[in-house]
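In: Sequence and predicted structure below; questions after.
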Amino acid sequence: MNTSKLIIDFKLAHNAAGQLQFTAADGTVANNVYPVRAFPIAAPEEGISIIDKEGSELVWIPDLAELPTETKAIIQAELALREFMPLIHRINHVSSFATPSIWDVDTDKGSTQLTLKGEDQIWRIKGNKLLITDKHSVNFMIKDVEQLDKHSRKLLDRFL
Amino acid sequence: MKLTNNSFFNHFVRHNECSKLGPVNSKILPQNLSGKPLPAIWQPIIQSHLNNAEELHAWIEINLDAQLHFTEHLLIITNQRLVYFDVSQSNTGIQSISVTEHPFRAGLNLRHSDHAGVFKLQLFDGDLRMASWCYTLGSDVSSTRFIKQFEQQSTSFLTGQAIATEATEPCPKCQYPLTADQDECPQCSSEIDTPPSTWTLFRLWRFAKPYKWQLLAGFLLMLASTAATLVPPYLTIPLMDRVLIPYQNGTPIDTDLVALLLIGLFGSALLAWALGWSKTYILALVSERIGADLRTITYDHLLKLSLEYFGGKRTGDLMARIGSESDRICVFLSLHLLDFATDVLMIIMTAAILISINPELALVTLLPLPFIAWMIHLVRDKLRTGFEKIDRVWSEVSNVLADTIPGIRVVKAFAQEARESARFRDANQHNLAVNDRINKIWSLFSPTVTLLTEVGLLLVWAYGIWQISKNEISVGVLTAFLAYISRFYTRLDSMSRIVSVTQKAASGAKRIFDILDHVSSVPESSNPVHLDKVSGRIEIRSAGFRYGNRAVIRDLNLTIEPGEMIGLVGHSGSGKSTMVNLMCRFYDVSTGSISLDGVNIRSLPISEYRRNIGLVLQEPFLFFGSIADNIAYGKPDATRAEIVAAARAAHAHEFILRLPHGYDSLVGERGHGLSGGERQRISIARALLIDPRILILDEATASVDTETEKEIQKALDNLVHGRTTIAIAHRLSTLHKANRLVVLDQGQIVEVGNHDELMAREGAYYRLYQAQARNVDTDLDDVSNNDSIAGKAAST
């Protein structure tokens, strides 16, 4: 890995179509590019790649922290729109302990419902982190099971 | 992203002033594109915003805002414009509605995209983005359909022409063409959301029903044998009161009476033995049959499920469900349930006898019973969740095994034995922890029941002695009571065990019914259409397919003429294999349709449809059995001559003859002992034998060397002749015979044409071809099979 300081020789901006526009050091312009995280769960701030609409990599950013604030803000805003993984703060109610089960949850994105198709849709990532995929493939995350309140833990426990 | 309240089009935005617009529109508000009626809260809001000549044509709920927070917004299409309703709720609970309108005009167009489960609709004016809206699939609308509505309405508005109605009315959601007699789309209505009932065990009745007469006989025998076991304590009363106590008081023993009573005791014991034996035998027989039926039916059902189901499940888990869970249910029925039923009967009969002898003492004797029953109920819940948990953990343990043992070559090649061992230890540790927790409750349970039993006996002794002292009962009655209840209480102890076994069996039954309740996502049509003669014309109409939250195929249209050979070309991940899976109907398209000879493949019976398809895969799978059996897999009644002819055409005949047992040579699991090319030619022979109208070659030559490839190619040329063929190949040179090449990229067709046309166009195909011409191996990026990597590692 290249440990030397990253040289920022590209520009990112939004074009009229609301797409992200990438201007390389040599002046070539690519429209409709988007940032992706290489390790969205394990290390979200490390390894970000800017990818063009065909899916080839334009630039690899080893660490988001090394970017100038402006570029970083653009990337983070864009990532925020592409990444949809509500964090579950509380499980209010589950329709049944047998699956499929409809859960009423409070998330950092507001309250919503999710339909759990089966217990195997709950993935234990590492330690107490859980990733729950609902029927419509929206991923919900529980950062730390221990941090949930007692009621939620009790409900969740029936599925683990 | 800029949202609706961007200053650029502020002139479209008005706030809550629109209710002036004429009288309330009385047009019936339509259902949305998935047939869901418009929620009541929206109806007055929409009504007040539409003008007289306006009709609502389509709507979707936008459940995410600009920051991707869950909210409730609505986007509608009328015959004049696109309107977006944004309802925001302030902290004080007052609703404010802001309305954004986009009247139809030339240049406006809607586009959609999706990523990670979030759908995005964007409104463009030329290349300028006007607005964008996000929603999750939970709001359940096909965006392509919504966009189509937008286009139709806007064109009709701008040109003044009425919208041409389509000849066949497709399902509004997935565009699956519905016939006149189908009210519901078979695709859309097949989803079930209701969880299975908690009284899962009663659902086993479905399997018990065929044996109801045997069950009835078993039950009657049970009644009789239980009654027989209750006779001996009753005989102790005269034995005490009329023989022993009078003897103690000086009266000589009445030998006749004693003999009679002893014969009675022996006789009842003998009767109880015979009845008990026949009852247990009959019921064990029945329960074993129920278990066997359960297993077979579950397995049959499992085989009918789509590949999607198997993709999401792990082998170890499914094997455990069908194997050990059904066995557990069987043991439960034949052993535990039987014992429990006997015990319940005995308690009822004993209670009846005790009350008939002396109601007062009976009441005292039976007093601890409700208390114990309550305690059983209390622990029940805790134990049930615990046992469900143990089951899940247990399948975790077996999954580690199922992962590791088939991949043992990889494990050894990378020297990861220690890591796998740690993984197993972890799973085992988890198992232990869960078991420890449940054992804490469980271990407390039995001693408590025993304690209660002792206390109960004590109570009877004390009360009995007091009653005897008052001459209310005889000594014989007290002994009989003690004899009855000591049996009775020991049964209570064992009855308490039913709690755990019932819960175990119930959770086992639930896991089996999970499989049985799973409706295949590739359902059989309710009114199947039969095709007599298949010509092989395939039509793919605006097909779309999602795998998880990834759209793999989008809006794909292609018509394949009978006898035509199509080469599917593209990078890996471009959707080629998915196309094949869709055409074989391993999966169903999410939107659009695929038809064979003009009939939607969903309306054809699955097995009948697949009989017309010959499939040759990259990794041929041979089953354990002889080579002849493997060739005749798709047509078990094939004659030997047919098998040999197929093998000959597949260029397999000669190498088969070189084997020591010829066509009868056994090939082991997955064809060990044969080379990749040989296996492939056997699978080609298999496809040839069923003489399919449609042939699908999925990278048939990718895993063999160039020499072998030539041999296989010759075999394939025989196979392709005269059939509709869809071939996928990484090496473009193998597609030289194709009539048309279809270049896929990210699930969409980017180019269609023959080799020369596509080369002349210098597009995507040209680039692929150039890349391969430079280095044949550049694009062989999908040799990801672990086995082959491990094989290479092991052989060096």
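Out: Structure received.
In: The stretch 1-150 of chain B: helices as residue ranges?
Out: Here the stretch 1-150 of chain B has its helices, by DSSP state H, counting those that start in this stretch, at B:42-49, B:143-159.
In: Dump those into a markdown table; add mean neighbour count as well.
Out: The way it works is simple: take the backbone N, C-alpha and C, and place the C-beta from them, glycine included. Output for the helices of the stretch 1-150 of chain B, formatted as a markdown table (neighbours: other Cβ atoms under 10 Å in any protein chain shown):
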| stretch | mean neighbour count |
| --- | --- |
| helix B:42-49 | 16 |
| helix B:143-159 | 18 |
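In: right, and these - which one's nearest B:Tyr766?
Out: helix B:143-159 (29.8 Å; Cβ to Cβ).
In: The closest one - contacts with which helices or strands?
Out: Using 3 or more Cβ pairs under 8 Å, 6 or more residues apart in numbering or on different chains; DSSP states H and E, the elements in contact with helix B:143-159 are strand B:56-64, strand B:70-78, strand B:108-115, strand B:118-125.
In: Is it possible to get TSV of those that adds mean pLDDT, distance to chain A and mean neighbour count?
Out: Formatted as TSV, the helices and strands packed on helix B:143-159 follow (pLDDT from 0 to 100; distance: least, Cβ to the nearest Cβ, whole Å; neighbours: other Cβ atoms under 10 Å in any protein chain shown):
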stretch	mean pLDDT	distance to chain A	mean neighbour count
strand B:56-64	80	8	22
strand B:70-78	82	4	23
strand B:108-115	78	5	17
strand B:118-125	82	4	20
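In: Is B:Ile553 bridged to anything, and to what?
Out: When bridges are called by DSSP bridges, B:Ile553 pairs up with B:Phe545.
In: Can I get the helices of the stretch 1-150 of chain B in a markdown table including mean pLDDT?
Out: Below are the helices of the stretch 1-150 of chain B laid out as a markdown table (pLDDT from 0 to 100):
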| stretch | mean pLDDT |
| --- | --- |
| helix B:42-49 | 78 |
| helix B:143-159 | 78 |
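In: Reformat those helices into JSON lines and put distance to B:Val118 next to each item.
Out: Below are the helices of the stretch 1-150 of chain B laid out as JSON lines (distance: least, Cβ to Cβ, whole Å):
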{"stretch": "helix B:42-49", "distance to B:Val118": "22"}
{"stretch": "helix B:143-159", "distance to B:Val118": "12"}
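In: What helices and strands are in contact with whichever helix in chain A runs longest?
Out: Longest helix of chain A, by residue count under DSSP state H: helix A:69-82. Contacts defined by 3+ Cβ pairs under 8 Å, 6+ apart place helix A:69-82 against strand A:11-14, strand A:29-37, strand A:46-51.
In: which one of those strands lies closest to B:Leu459?
Out: Going by Cβ to Cβ, the one of the helices and strands packed on helix A:69-82 nearest B:Leu459 is strand A:29-37, 70.3 Å.
In: just the CA coordinates of that closest one, formatted as PDB?
Out: Extracted in PDB, the C-alpha atoms of strand A:29-37 (Å, rounded to 0.1, in the frame of the first residue of the first chain):
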ATOM      1  CA  VAL A  29     -14.400  14.900 -17.600                       C
ATOM      2  CA  ALA A  30     -16.600  12.000 -16.500                       C
ATOM      3  CA  ASN A  31     -20.200  12.400 -15.700                       C
ATOM      4  CA  ASN A  32     -22.500  10.400 -13.500                       C
ATOM      5  CA  VAL A  33     -19.700   9.000 -11.300                       C
ATOM      6  CA  TYR A  34     -20.300   7.800  -7.900                       C
ATOM      7  CA  PRO A  35     -18.300   7.000  -4.700                       C
ATOM      8  CA  VAL A  36     -18.400   3.500  -3.200                       C
ATOM      9  CA  ARG A  37     -17.100   2.300   0.100                       C
END
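In: Show me what it pairs with in its sheet, parallel or antiparallel.
Out: Sheet pairing of strand A:29-37 (DSSP bridges) gives strand A:20-23 (antiparallel), strand A:46-51 (antiparallel).
In: Mind listing residues that contact it?
Out: A:12, A:15, A:17, A:19-24, A:44, A:47-53, A:58, A:75, A:78-79, A:82-83 (Cβ atoms under 8 Å, 6 or more residues apart in numbering or on different chains).
In: ok, 7 Å please
Out: Applying Cβ atoms under 7 Å, 6 or more residues apart in numbering or on different chains, the contact partners of strand A:29-37 are A:15, A:19-23, A:44, A:47-53, A:58, A:75, A:78-79, A:82.
In: If any of the residues you listed are buried, give me the PyMOL selection for them.
Out: Buried residues among the contacts of strand A:29-37 (16 or more other Cβ atoms under 10 Å in any protein chain shown), as a PyMOL selection:
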select buried, chain A and resi 19+20+21+22+47+48+50+51+75+78+79+82
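In: Could I get the helices and strands packed on helix A:69-82 in CSV, plus columns for distance to B:Glu709 and mean pLDDT?
Out: Formatted as CSV, these follow (distance: least, Cβ to Cβ, whole Å; pLDDT from 0 to 100):
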stretch, distance to B:Glu709, mean pLDDT
strand A:11-14, 46, 84
strand A:29-37, 36, 84
strand A:46-51, 34, 83
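In: Many thanks, have a good one.
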